[in-house]
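Undergrad: okay, predicted coordinates and the sequence, questions at the end:
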Amino acid sequence: MIHEIPGGARYTIRQNPVGNYSDPDYYTGTEATRIVNLHSNSAIVTGEYIALFIQDDWSVTDTVTLNLGLRYDTITYKNNDGDTKVPAWQWGQWKADTYLTPEGDFLNYAPMKLDSMIAPRIGVAWDIFGEGKTALKAFYGRYYNPFNLQLPMMFQPFDADVYATATQEYTGPEWTDRNRDGIPDEDFFFDDANWRTSEKTEPGDWNLIDPNLSAEYTDEFLIGIEHEVLPNVTLGFTYINRRTRNMIEDVGLFVDEDGNVVWTWKGGIKDDFSGLDPDKNFDPRTSSRGHNSDYAKHLYWITNVPGAKRDFSGYALTARTRRKNWDMEANYTYSSAKGTHTDHHEGSTGISMFSAAFDTWATSQNLYGLLPWSCRHYLKIAAAYHFDLTDWYQMSFGIQGYYRSGYHYSKRMTPPYTYNPDNYDDNIQDPYSWTGRPPYDSYNGYFPEGRGTYELPSNNRWDVSWQNTISFGQYGALTVIVDIINATNSQGVLRQVDIFTPYRPTFFGMDNAWAWPREYHLAIRYSF
């Protein structure tokens, strides 16, 4: 895999409204930060994946069948230099001399490798009455979730590191944003002379890996019953439970100028050792860390975060029928998915590999709640009717679709300002000066109303297919297929803005992603 990221800068701007607070005349400001990409080189990453699997069925009795399986997986990653071993750090190595040499080299290395992934699968089916019509089934299986090539991308050598960056603070004059588009109007805002570098990636600023890193896995438990109520008509009911554990995350480590780890995603650890300068501020919670904090670097540590988990539970009702000219399968699932919060994505995209919740000190806040891809009700139907008009012409009609209740989402905003009476700089009349609980410019882990308290509108889509086959005997067959995707033209909402911005409160809850409109597909196939 070759990965390339173009150069550029990402800005975070704090603007103040002028006039009506909810509908200001324009915005103005003097505070901003930007992260500048220093390199945009290509980087090659690879992954070597090996899997072995064995499975077999045993008839324990005339009515009981046992299915046993065992899978073994191992995956090894390599960066642009072909290295698989990268700098390692483990919990408790707070002082620099516990993991760095006097020259600044790392003492310990660990491989970017996930092995010992042994996954058992056990299934049992019991024909209760011995008539082949009623079966009780149960299953347990473990599924490992090996990382994709995003992992070695975090351990590139400096000359190929597409993530080499500089964090800069704005030092120029006040700007205005009169058209309220979120971009300052004056050109001097973008002048490099008005920016001061507060943090810069240097050779040796490697991310770190936990030498005891274990693969993330999901355990699945199923138990259900199926019964043939009529010939070739089967009804089933199943309980489903999935538990994801050993979740791997990139968590924040804050390091001072001497290499000591002074803050982690669990909070400050300066009480665990002596030697730090008591006159310096190593608290990364300050809103403008380049001005008010004395830590030097923010590194990422790849580890299994304690307490991080995802749980899915659901009840599924299934109906299947097979007839001479038609067949149909329908499934209704009532479920919920809770777990460690992911980056904000629309429900249809699933979940991201890493979560932004672990990049700051406040990881433990509101991690467990309804996930943004969780919907309560999910109905799926697929049916087809096929018949022969003549010996040489066959036709079939098909329909498939779903109804899905709205995905859950959450209002997220910066933590509230809190007045600190022990800080003389806190002005009781100016909440922006309060430092009791400083906000973050980009912190998205605070949920004032709880996780999953909002829900999108329901969504449905139905696809229709018409297939015609003309047979020419020994000369082959011509097939013409007409598909209508989203036949009802239902363009439901897939995502809404879930970041509450106090300067623009009306943005929260606005629709910003919709399902695709109706499409027509024509396919012609000739087979010999």
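TA: Looks like it arrived, so ask away. None of the values given here were measured: they were computed from a predicted structure.

Undergrad: low-confidence ranges in the stretch 101-250 of the chain?
TA: 160-163 (pLDDT under 70).

Undergrad: let's see 90
TA: Applying pLDDT under 90 to the stretch 101-250 of the chain flags the ranges 103-105, 115-116, 145-154, 156-167, 180-182, 197-206, 247-250.

Undergrad: next one: the stretch 351-500 of the chain
TA: Using pLDDT under 90, the stretch 351-500 of the chain drops low at 351-374, 387-389, 391, 407-454, 473-474, 492-500.

Undergrad: could you rerun that using 70?
TA: Ranges of the stretch 351-500 of the chain meeting pLDDT under 70: 351-353, 356-357, 360-367, 414-415, 436-445.

Undergrad: what about the strands in it?
TA: Here the stretch 351-500 of the chain has its strands, by DSSP state E, counting those that start in this stretch, at 369-370, 377-388, 393-404, 408-409, 454-455, 459-471, 477-485, 493-496.

Undergrad: one more: the stretch 1-150 of the chain?
TA: 2-4, 8-18, 26-37, 42-44, 46-59, 64-78, 85-87, 109-111, 113-127, 134-144.

Undergrad: strand partners of the last one, parallel vs antiparallel please.
TA: Sheet pairing for strand 134-144, assigned by DSSP bridges, gives strand 113-127 (antiparallel), strand 217-230 (antiparallel).

Undergrad: what's the first helix or strand after it?
TA: Using DSSP states H and E, the helix or strand that follows strand 134-144 towards the C-terminus is helix 150-153.

Undergrad: now stretch 30-37: buried residues?
TA: In terms of neighbour count (16 or more other CB atoms under 10 Å), stretch 30-37 has its buried residues at 32-34, 36-37. The C-beta positions use only the backbone N, C-alpha and C, and glycine is treated the same way.

Undergrad: looking at those residues, which is nearest residue 232?
TA: residue 37 (61.0 Å; CB to CB).

Undergrad: would you confirm that that closest one contacts residue 201?
TA: No - here residue 37 lies out of contact with residue 201, judged by CB atoms under 8 Å, at a distance of 9.9 Å.

Undergrad: out of the strands paired with strand 134-144, flag the one nearest residue 180.
TA: Comparing the strands paired with strand 134-144 under CB to CB, the one sitting nearest is strand 217-230, at 45.6 Å.

Undergrad: tell me the buried residues in the closest one?
TA: 217-218, 222, 224, 226.

Undergrad: what of stretch 135-149?
TA: Those would be 135, 137-139, 141, 143-147, for stretch 135-149 by 16+ other CB under 10 Å.

Undergrad: then stretch 172-184?
TA: 172, 175, 177, 184.

Undergrad: show me which of those is closest to residue 390.
TA: Taking CB to CB as the measure, residue 390 lies nearest residue 177 of the buried residues of stretch 172-184, at 71.4 Å.

Undergrad: distance of the closest one from residue 192?
TA: Distance, residue 177 to residue 192, by CB to CB, to the nearest Å: 20 Å.

Undergrad: all strands for the stretch 151-300 of the chain, in order.
TA: Using DSSP E, counting those that start in this stretch, strands in the stretch 151-300 of the chain cover 165-170, 175-177, 195-200, 208-209, 217-230, 233-245, 248-255, 261-264, 267-268, 297-304.

Undergrad: hey, which of these is tucked in deepest?
TA: Of all the strands of the stretch 151-300 of the chain, strand 208-209 has the most neighbours on average by mean count of other CB atoms under 10 Å, namely a mean of 26.

Undergrad: closest to residue 495 out of the strands paired with strand 134-144?
TA: strand 217-230 (25.2 Å).

Undergrad: just the CA atoms of the closest one, as PDB, please.
TA: Extracted in PDB, the C-alpha atoms of strand 217-230 (Å, rounded to 0.1, in the frame of the first residue of the first chain):
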ATOM      1  CA  TYR A 217     -11.800  -9.300  19.500                       C
ATOM      2  CA  THR A 218     -15.600  -9.800  19.500                       C
ATOM      3  CA  ASP A 219     -17.400 -12.600  21.200                       C
ATOM      4  CA  GLU A 220     -20.700 -13.600  19.700                       C
ATOM      5  CA  PHE A 221     -23.400 -15.600  21.500                       C
ATOM      6  CA  LEU A 222     -26.500 -16.800  19.700                       C
ATOM      7  CA  ILE A 223     -29.400 -18.900  20.800                       C
ATOM      8  CA  GLY A 224     -32.600 -19.400  18.900                       C
ATOM      9  CA  ILE A 225     -35.400 -21.700  17.700                       C
ATOM     10  CA  GLU A 226     -36.700 -22.500  14.200                       C
ATOM     11  CA  HIS A 227     -40.000 -24.200  13.400                       C
ATOM     12  CA  GLU A 228     -41.500 -25.300  10.000                       C
ATOM     13  CA  VAL A 229     -45.100 -24.100  10.500                       C
ATOM     14  CA  LEU A 230     -46.100 -25.100   6.900                       C
END
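
Undergrad: who touches that strand?
TA: 117, 119, 132-145, 234-246, 316, 318 (CB atoms under 8 Å, 6 or more residues apart in numbering).

Undergrad: one more: stretch 85-94?
TA: Taking CB under 8 Å, 6+ apart as the rule, stretch 85-94 contacts 79, 98-99, 106, 108-112, 155, 206-212, 253, 260-262, 269, 272-273, 301, 303.

Undergrad: ends of it, what's the gap?
TA: 22 Å (CA to CA, to the nearest Å).

Undergrad: for residue 195, what are its contacts?
TA: Counting by CB under 8 Å, 6+ apart, residue 195 has contacts 34, 168-172.

Undergrad: okay if I get those as TSV plus distance to residue 54?
TA: Converted to TSV, the contacts of residue 195 look like this (distance: CB to CB, whole Å):
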residue	distance to residue 54
34	54
168	56
169	59
170	61
171	65
172	66
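
Undergrad: what's the closest of the residues you listed to residue 434?
TA: Among the contacts of residue 195, and counting by CB to CB, the member closest to residue 434 is residue 169, at 21.0 Å.

Undergrad: what pairs with that closest one across the strands?
TA: With DSSP bridges as the rule, residue 169 is bridged to residue 33, residue 196.

Undergrad: CA atoms of stretch 314-331 as CSV?
TA: Taking C-alpha atoms only, stretch 314-331 is exported to CSV below (Å, rounded to 0.1, in the frame of the first residue of the first chain):
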residue,chain,number,x,y,z
GLY,A,314,-30.7,-7.8,19.7
TYR,A,315,-33.7,-10.0,19.1
ALA,A,316,-34.3,-11.2,15.5
LEU,A,317,-37.5,-12.7,14.1
THR,A,318,-37.0,-14.5,10.7
ALA,A,319,-39.5,-15.9,8.2
ARG,A,320,-38.4,-18.0,5.2
THR,A,321,-40.5,-19.7,2.5
ARG,A,322,-39.5,-21.6,-0.6
ARG,A,323,-42.2,-22.4,-3.2
LYS,A,324,-42.2,-23.7,-6.8
ASN,A,325,-42.2,-20.2,-8.4
TRP,A,326,-41.3,-17.9,-5.6
ASP,A,327,-39.3,-17.5,-2.5
MET,A,328,-39.0,-14.9,0.3
GLU,A,329,-37.0,-14.1,3.4
ALA,A,330,-37.9,-11.4,5.9
ASN,A,331,-36.0,-10.4,9.1
